[in-house]
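Colleague: A predicted structure for the sequence below; I have some questions about it.
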Amino acid sequence: MKSSGPISKKADARTSDELYEMANLYPRTTGLPMTVWVGPRGNARHDVRIKVNLTHGNQMNIDNTAVVGVRPAPHLVAGRLSSDDERLVFEWIRLNMDTIIAYWNGDLDTAELIQNLNPLPPQP
């Protein structure tokens, strides 16, 4: 997700810090075709969200992401996903909603997050 204007150093640092706190999950862990980031709430003023890399594979480029809200149901907050990618990401969130929310709330650490995640079944 690219900003239409320049990003201040403060905002850029906040984005970098936020990404640093998030767990990056590759396709082999999630069953999704792209890397996603799941994070704890920290100082966020918004509800549970994940970041989704727009490029398939093990890419980790924060400038090329969509933001997806988790509650009350998966929904696109920022950026764009293809209809197939949106369907898969929403399905993965629904499959793992309780775990993602528990991680957001600080009830799970990163190791427990990974242990409790369910990958999507292989796609035909």
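Modeller: Received the coordinates, thanks.
Colleague: hmm, L120 and W92 touching each other?
Modeller: Yes: taking C-beta atoms under 8 Å as the definition, W92 is a contact partner of L120 at 5.3 Å. Placement of C-beta: from N, CA and C, glycine included.
Colleague: scan this structure for its longest strand.
Modeller: With secondary structure taken from DSSP state E, the chain has its longest strand at strand 49-56.
Colleague: please state the offset of that strand from the chain centre?
Modeller: In terms of C-alpha atoms, centre = their mean, to the nearest Å, the centre of strand 49-56 is set 6 Å apart from its chain centre.
Colleague: could you give the average pLDDT over the following helix or strand past that strand?
Modeller: Sequence order places strand 65-69 as the next helix or strand after strand 49-56, per DSSP states H and E. Averaged across strand 65-69, pLDDT comes to 97.
Colleague: residues contacting the spatially most central residue of the chain?
Modeller: The centre of the chain sits closest to I50, judged by C-alpha atoms, centre = their mean, with a distance of 2.6 Å. Applying C-beta atoms under 8 Å, 6 or more residues apart in numbering to I50 gives the contacts V36, W37, V38, G39, V67, V68, V70, V89, I93, I100.
Colleague: again, 7 Å this time
Modeller: V36, W37, V38, V68, V70, I93, I100 (C-beta atoms under 7 Å, 6 or more residues apart in numbering).
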